[in-house]
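Chemist: structure here, sequence nowhere to be found:
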């Protein structure tokens, strides 16, 4: 009986096997092609075609082969097909699936072409597909919900079995025991993207992705290449990538070894020459720990090498990036030339030839930190830190210090500066020929275009310091600039530096919170050598004769203004400036000689007095030393007024009052020169103030002696001189008379005796 049963079972198995073999051998999937096409067209709402044969195998490999398949485009778009495929070939071994093992021969996907479009109205040719998928999903969910409708008894049974369901739900997910794929070939793919709304076209062609055998815990060789073209901006690049990818059975550990990406970009309108970009990396990814460890990342482009090592944690939630970045020394001039940027010529030909950067980076969501910043600029080193607490709010905090820098190296060569000065001078001379005031007004009424929105959005606080700075002929030390800006109120205070044997403590403020920008500045200058600062402006003060001074100056200034043009700022400026100097030597300026010469010339012109005795043999002194120089200036209504200007020395005293018009750059001052050392009657004329009007443009001042007041002084001098002569003659006659009378008396007395 048992033997008979076994024979029956064996016979049944043979029938099943034979039937399966016969079914596979006679089954033709192409008979179902019309039904497949109809279902795809129904689901997508588009034309669908399979021009080639469908190859299908069921055992021992489940295999599928498709040739020349096309999916039509949405209506209203330029391309005929949305997607097309020349060939798809894939086979999966059946029996290993029963043991949770996947064994696949080489997957081949050839000739995929995808056309993506955005029309002028911003509509895409893939929107309808997304809607179709959503609709199908909703229908499936509705059917599933109806199918799961239960009676109250079924619900009760379901409730009673909830514990076992929970137990099953918590069981481990399906895990593969092994994976073996001979390889993957994705060749000759092409993606076209046309954006008519923005007038841009992009094409990815010759897209190829190939892998070696794919298995758990074994390196998989991966090779990728593509050609990328873009119209706006113009771009033509060839991309190549190779790496060895390793992953474990749980797909939780990944390793990218010997990752190499090369991008060859052809010259275009933005870049004048071809550029090669090379990226090398070694990376580990641990999904369980949410950790990406980039052990070594190297980027090479434009002769610049950047090396990084960093870790990314919590990358599926709130990524945190920590790492070190180093940009190795490069020549900034060479890089700029390759980018088509023309840097201005600099005095030092080697300027910008050695630039390097290093920092430690930390980034958490909107928070960015750059610590241990070290930037090498030729012979200068910048160190410190930079932080952005909130990228969205443009918050910036920093503390940066530069050890030393010679700015002269980065300025135009002397010849270029001279040419520019001549051009400016020629322009000024040309402007001077125009009617007075018109050119100045036109030049000062242009609106100052401030980036108001950007300034109002600033949230900045930081300190920038330079230990040693050389610019032009000045050596500056201990420069410190503190900046604080928020909501349109920008304060740069304090600005501190040591220069010319003294110190400067200043502050500046720009307030753009209201529609009209407001400015203010405060300056305190203490014991600074004034000559190097003042001498350039004193050059033409005495006409062709150069004038220079040596002495230390103390200045206190506070000025405020508001406006959106230079002329408005000048007109609305208000403030006070106080200046004091002690023991100041002025070279090329002898007020005593000027006073003597002016009086002598007047006397000669009027034919009065002894001008020779006024001028005498006095030769102009090369240097005049003043014990005190003081001035208090008030700024208002476009003018700088003074009432107490004083230059005092043992030999001469100068006082002045008047105003400088900063709107027209002119001056009108009345000064008095007094020489408190008169001996003769004529010299005593100089002890009375000689009034001189100083007026005209700043660069061409005129000096006019007040002849009316001088005339009164001369009249008094003439009277005094006449009286002196009369008294002298009277005394002479008196002495003669006294002598004559004395002789007569003497003779009479002789007669008596």
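Modeler: Arrived safely. Only a predicted model underlies this, so the values are computations on that prediction, with no experimental measurement involved. Numbering: from 1, shown residues only.

Chemist: count the residues that sit near residue 391.
Modeler: Number of residues near residue 391 (other C-beta atoms under 10 Å) recorded here: 12. The C-beta positions use only the backbone N, C-alpha and C, and glycine is treated the same way.

Chemist: show the model's pLDDT score for it.
Modeler: Residue 391 carries a pLDDT value of 84.

Chemist: and stretch 452-460, average pLDDT?
Modeler: 92.

Chemist: ok, which stretches of the stretch 51-200 of the chain are helices?
Modeler: Assigned by DSSP state H, counting those that start in this stretch, the stretch 51-200 of the chain shows helices spanning 127-147, 152-160, 162-169.

Chemist: ok, the stretch 201-350 of the chain next?
Modeler: 332-338.

Chemist: lowest average pLDDT across the helices of the stretch 51-200 of the chain?
Modeler: Among the helices of the stretch 51-200 of the chain, helix 162-169 carries the lowest mean pLDDT, a mean of 41.

Chemist: got the contact list for the nearest residue to residue 218 once chain neighbours are set aside?
Modeler: In this structure, residue 218 finds its nearest non-sequential neighbour in residue 246, 6.7 Å apart by C-beta to C-beta, 6 or more residues apart in numbering. Taking C-beta atoms under 8 Å, 6 or more residues apart in numbering, we find residue 246 in contact with 217-220, 253-255, 257.

Chemist: bridging residues for residue 246?
Modeler: Beta-bridge partners for residue 246, by DSSP bridges, are residue 255.

Chemist: how far away is it from residue 292?
Modeler: To residue 292, residue 246 is 15 Å away according to C-beta to C-beta, to the nearest Å.

Chemist: out of the contacts of residue 246, which comes closest to residue 209?
Modeler: Set against residue 209, the nearest of the contacts of residue 246 by C-beta to C-beta is residue 220 (11.9 Å).

Chemist: measure the closest residue in space to the closest one that isn't next to it in sequence to residue 223 for me?
Modeler: Using C-beta to C-beta, 6+ apart and skipping residues adjacent in sequence, the residue nearest residue 220 is residue 245, 4.7 Å away. Using C-beta to C-beta, we find residue 245 at a distance of 11 Å from residue 223.

Chemist: comparing these two, which residue is more hemmed in?
Modeler: Between residue 245 and residue 223, residue 245 has the larger neighbour count (other C-beta under 10 Å), namely 17 against 13.

Chemist: for the more buried one, list the residues it contacts.
Modeler: Taking C-beta under 8 Å, 6+ apart, we find residue 245 in contact with 219-220, 222, 254-257.

Chemist: one step back: give me the buried subset of the contacts of residue 246.
Modeler: Listed as buried from these are 219-220, 253, 255; burial here means 16 or more other C-beta atoms under 10 Å.

Chemist: need these in CSV (columns: distance to residue 32).
Modeler: Compiled in CSV, those are given as follows (distance: C-beta to C-beta, whole Å):
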residue, distance to residue 32
219, 41
220, 36
253, 43
255, 44
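
Chemist: narrow the residues you listed to those in strands?
Modeler: Of these, the ones assigned to strands by DSSP state E are 220, 253, 255.

Chemist: what's the pLDDT at the last one?
Modeler: The reference is to residue 255. If you check residue 255, the pLDDT there is 96.

Chemist: which ones are touching it?
Modeler: By C-beta under 8 Å, 6+ apart, residue 255 lies in contact with 244-247, 283-285.

Chemist: which of those tops the neighbour count?
Modeler: residue 247 (20 neighbours).

Chemist: how near is that one to residue 587?
Modeler: 84 Å.

Chemist: low pLDDT regions in this structure?
Modeler: The model of the chain has pLDDT under 70 over residues 1-29, 56-63, 91-103, 130-178, 416-442, 540-544, 608-618, 677-686, 713-753.

Chemist: at 50 what do you get?
Modeler: 1-6, 8-10, 12-24, 26, 150-174, 431-441, 719, 722-723, 726, 751-753 (pLDDT under 50).
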